[in-house]
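Undergrad: My questions are about this predicted structure, shown below with the sequence.
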Amino acid sequence: MMKEVIRALQTGALAEVALVAFFAAFLLVVIYTFTLSKKRRDYDKNLPLDDAAPINPTNGTAA
């Protein structure tokens, strides 16, 4: 019975589009992560531990 259900789905094209979309999103996240400046990484790294609002490194204002 399970084989019949799987055969009836026929999601070939949709599955390929979803795979390409997921791969593109994954690549964008990886590229964004590796292009962050050291100042921004340090700011983001300490964010969960800070009680006070630290200064945002991108525009110099309080977060």
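TA: Thanks, I have the structure now.
Undergrad: how near is A21 to V29?
TA: 13 Å (CB to CB, to the nearest Å). Where C-beta positions appear, they are placed from N, C-alpha and C, glycine not excepted.
Undergrad: Which secondary structure element of the protein has the lowest mean pLDDT?
TA: The weakest-scoring helix or strand in the chain, judged by mean pLDDT, DSSP states H and E, is helix 2-9 (a mean of 70).
Undergrad: Give the next helix or strand downstream of it.
TA: Note on helix 2-9: by DSSP states H and E, the next helix or strand toward the C-terminus is helix 12-34.
Undergrad: Mind exporting the C-alpha coordinates of that next one to CSV?
TA: What follows is the C-alpha trace of helix 12-34 in CSV, where atoms were taken according to Å, rounded to 0.1, in the frame of the first residue of the first chain:
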residue,chain,number,x,y,z
GLY,A,12,9.3,15.4,-9.5
ALA,A,13,9.5,19.0,-10.8
LEU,A,14,8.4,20.5,-7.4
ALA,A,15,11.0,18.5,-5.5
GLU,A,16,13.7,19.7,-7.9
VAL,A,17,12.7,23.3,-7.5
ALA,A,18,12.7,22.9,-3.7
LEU,A,19,16.1,21.4,-3.7
VAL,A,20,17.5,24.2,-5.8
ALA,A,21,15.9,26.8,-3.6
PHE,A,22,17.2,25.1,-0.4
PHE,A,23,20.7,24.9,-1.9
ALA,A,24,20.7,28.6,-2.9
ALA,A,25,19.5,29.7,0.5
PHE,A,26,22.2,27.5,2.2
LEU,A,27,24.9,29.0,0.0
LEU,A,28,23.8,32.6,0.7
VAL,A,29,23.9,31.9,4.5
VAL,A,30,27.4,30.4,4.2
ILE,A,31,28.7,33.3,2.1
TYR,A,32,27.1,35.9,4.4
THR,A,33,28.7,34.1,7.4
PHE,A,34,32.2,34.1,5.9
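Undergrad: chain center to it, what's the gap?
TA: Shown here is helix 12-34, whose average C-alpha point lies 10 Å from the average C-alpha point of the whole chain (CA atoms, centre = their mean, to the nearest Å).
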